[in-house]
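**Student:** Sequence unavailable; structure follows:
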């Protein structure tokens, strides 16, 4: 557990930065949220969504629908789901680099990613499916490395 202490600190700092005034900033429902909302509602009604809407696949709306099913379909719920996906991306990146390079590089990369401008923007917007890309990429490489071992 001592080995992962710095990474846990990075995750706590990421959550603090992302959750700072999350109910206020950004505060207005906008077009991209409507697009995501249009894909989440059929999922919540039990209808499968397999189409691409404006180049966004259905994977991220399925993830967000887990949070909307437990909570509600508000903008705040979408932002929380996006922050959680960002944290999962940091965890996957940390695990991948711990296995691929070293623990120190993994912690440093997670720390830099957790405060990078675009990562924070994607996490706080709540509508951007781009936040799932680091998770998918890092977890794919991580499980490939585990398989090769």
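**Tutor:** Ah, there it is. Quick caveat, the model's predicted, so the values are computed rather than measured.
**Student:** just checking, what packs against whichever strand or helix holds residue 104?
**Tutor:** If you go by DSSP states H and E, residue 104 is part of helix 103-115. Using 3 or more Cβ pairs under 8 Å, 6 or more residues apart in numbering; DSSP states H and E as the contact test, the elements touching helix 103-115 are helix 5-19, helix 75-100. Where you see a C-beta, it was placed from the backbone N, CA and C, and this is true even at glycine.
**Student:** What average pLDDT does the helix or strand following the first one get?
**Tutor:** I take that to be helix 5-19. Downstream of helix 5-19, the first helix or strand assigned by DSSP H and E is helix 31-44. Mean pLDDT, computed over helix 31-44, is 82.
**Student:** quick one: helix 31-44 to helix 75-100, angle?
**Tutor:** Calculated by axes from the mean of the first three to the mean of the last three Cα atoms, to 10 degrees, helix 31-44 forms an angle of 90 degrees with helix 75-100.
**Student:** Make residue 1 into 34 and carry on from there
**Tutor:** Will do, 34 is the new start, and the previous item becomes helix 64-77.
**Student:** buried ones in the helix or strand of the chain with the lowest mean pLDDT?
**Tutor:** Lowest on mean pLDDT, DSSP states H and E among the helices and strands of the chain sits helix 64-77, with a mean of 82. The neighbour-count check on helix 64-77 (16 or more other Cβ atoms under 10 Å) flags 65, 66, 68, 69, 70, 72, 73, 76 as buried.
**Student:** Check whether the second one really touches residue 111, as I assumed.
**Tutor:** Yes. The pair residue 66 / residue 111 is scored as a contact, 6.3 Å apart, by Cβ atoms under 8 Å.
**Student:** what residues do these two have in common as contacts?
**Tutor:** Shared contacts of residue 66 and residue 111 (Cβ atoms under 8 Å, 6 or more residues apart in numbering): 159, 160.
**Student:** residues near residue 41, how many?
**Tutor:** Residue 41 has 10 neighbours, counted by other Cβ atoms under 10 Å.
**Student:** Isn't residue 131 up against residue 142?
**Tutor:** No. Between residue 131 and residue 142 there is no contact under Cβ under 8 Å: 9.9 Å.
**Student:** Name the residues of stretch 155-174 that are buried.
**Tutor:** In stretch 155-174, counting by 16+ other Cβ under 10 Å, buried: 155-165, 167-168, 171-172, 174.
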